[in-house]
Structures are given as structure tokens and as C-alpha cells.
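Novice: I'll drop the sequence and a predicted model, then ask my questions.
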Amino acid sequence: MLPLFSFVLFSYRRRTMSRPWTYVTQREAQKIDEELFSDYQYSVDQLMELAGLGVASAVLKCYPRDDLPSRNVLVCCGPGNNGGDGLVAARHLKLFGYNSSVYYPKRSEKQLFKNLVVQCENFRIDFVNDLPENPDEINRNFDLVIDSLFGFGFKGDARPPFSAALDTLKRVKIPICSVDVPSGWDIEAGDEEGLKPDSLVSIASPKLCARSFRGRYHYLAARSIPPEIKSKYGLNLPQYPGSEQCVKLE
């Protein structure tokens, strides 16, 4: 049996170490990305594949297929890399047995994104041209929304058609899973009046705004951070169990 002092110290350490995760600023997230590309020679499509697979894996844990009446998932994708993560997630969700549909109103002209669209189309994933203004229509036709509109590079106010899309998503009743950052939030301060996702999948490392997240599920995904970067930026991140592509942040 542990002496009383040792037991108290052990209990204190366990409590204080239960949520030691590092939350990075917008600039830190940008610098880490830059180093992954330049110093570690990751390609954009590599990181997107890891992120999208991790998001789909987290969805599988949070919203098992058999718990969803129709298994219909609406993936809302923006024009940047966060939207690319969503396109990859839509493909993996289809492979996992969900019925993915994609809202992608502003398509990138970059070949990488065109390739992701072709891949989705070849998996018979439907593309939705217009997001209904009435949230009840989304509630009737889908069980879950993946919010992949804006990532950590977003600044300022959303413009059409994304401003209208965000207004609609704020009013839906079905769960929303945000990719990396709830769209429309300030990357560091959060947004008490904005989107209120049921789940958040942080990519590579949680951003400062994740401290304001009040949903049910918070996961970390995209196993891509080398030990040297962890040490350089003082990143305290959880270990991924085995070959898992995501890990729950308690």
C-alpha cells in the first residue's frame, strides 16, 4: 500500500496530467505546416489523406453506422485545404458504409482538388449544388453534417455562398462534426455565437479555439508530427493507440 503522501501525489499528478494537451496558435499551426512541407518533404495530398482518413475514423467511433437511421452524411467543403480534408473524408466514409453527399460550391482549379472530386464521383458520391436554406430539409435527409468549410488559415467574415451556408448550419438539429476548427470561429478566441458542433476532430494538434469547444466528442487525427517538431514547439500530444488513425481527447 502506498504511503498517504505518495498516494496523494500520485492522484494529483494523474488529475493534472489527464488533459495536458498543447493548444497551438494560428501562427504556430502555420509554421508547423510549413516545416512539414519544407523540412520533412510531406506533400499536400499526403497530409490531406491522413487528415481525411482520421476524420472518417473518428466519425465511425462517434456515430456508428447502425446508430444512424439512414447513414446519410452531408460533407460541406470549402475551397481550401480544409475542404480537401472533407473530400477525402467523404470517400473514406463511403468505404466505411455511410452514404456520403458533398456540398462543394466553390471548387478549386488546382489539379489536386480536381482529382479528389473525380475520386468521389467514381465512388458514386453525390454532389449537392445548393444547400437548402431551410434547415428542416437537411434534418429530414441527413443524419450528420461534416463541417469542412474553413480551416486554421481562415480570417475575417465568411462571404457568400458560405455565409448563408453557415447561417443554415447554425440552425440544424442533427449533429455537426467540425474538421479542425468549427467554421467561422476565431482560430484562437473561438465564437460563442457561432456554430456549435457536437464533435470536433482536431488535425495534427488542437488549436487554441478548441478550448471553447463544448460538444460531446473531441478527437485528434492525422498522425504526421515528427518527434523533432513536437520537441521544438513543446507539443504535448496523446499517443495514438496501436494503428488507430484518431485518438480521443478527454
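Specialist: Yep, it's here.
Novice: which strands or helices does whichever strand or helix holds Leu50 pack on?
Specialist: Using DSSP states H and E, Leu50 falls within helix 44-62. Judged by 3 or more Cβ pairs under 8 Å, 6 or more residues apart in numbering; DSSP states H and E, the packing partners of helix 44-62 are helix 26-38, helix 81-95, helix 111-122, strand 144-148, strand 176-179, strand 199-203, strand 217-221, strand 246-248. Glycine gets a C-beta too; all of them are placed from N, C-alpha and C.
Novice: measure the residue nearest the centre of the chain to Val128 for me?
Specialist: In the chain, the centroid-proximal residue (Cα atoms, centre = their mean) is Val179; its distance is 1.9 Å. Counting by Cβ to Cβ, to the nearest Å, the separation of Val179 from Val128 is 17 Å.
Novice: also Ser178?
Specialist: In terms of Cβ to Cβ, Ser178 sits 19 Å off from Val128.
Novice: neighbour count winner among those two?
Specialist: Ser178 (30 against 16; other Cβ atoms under 10 Å).
Novice: in the protein, which ranges drop under the pLDDT threshold?
Specialist: 1-19 (pLDDT under 70).
Novice: and with 50 instead?
Specialist: Within the chain, the stretches with pLDDT under 50 are 1-18.
Novice: so what strands line up beside the helix or strand just after the helix holding Leu50?
Specialist: Later in the chain than helix 44-62, the nearest helix or strand by DSSP H and E is strand 72-77. Neighbouring strands of strand 72-77 in its sheet, by DSSP bridges, are strand 99-103 (parallel), strand 144-148 (parallel).
Novice: how far away from the center of its chain is the helix holding Leu50?
Specialist: 8 Å (Cα atoms, centre = their mean, to the nearest Å).
Novice: got the angle between that helix and strand 217-221?
Specialist: 150 degrees (axes from the mean of the first three to the mean of the last three Cα atoms, to 10 degrees).
Novice: list the buried residues for helix 44-62?
Specialist: Buried residues in helix 44-62, defined by neighbour count with 16 or more other Cβ atoms under 10 Å: 47-60, 62.
Novice: nearest to Ile138 among these?
Specialist: Val59 (16.9 Å; Cβ to Cβ).
Novice: how close does Arg211 sit to Thr22?
Specialist: Taking Cβ to Cβ, one finds Arg211 at 11 Å from Thr22.
Novice: what do you get for Ile229?
Specialist: With Cβ to Cβ as the criterion, Ile229 and Thr22 are 11 Å apart.
Novice: now do the shared contacts for the two.
Specialist: Residues touching both Ile229 and Thr22 (Cβ atoms under 8 Å, 6 or more residues apart in numbering) are Leu235.
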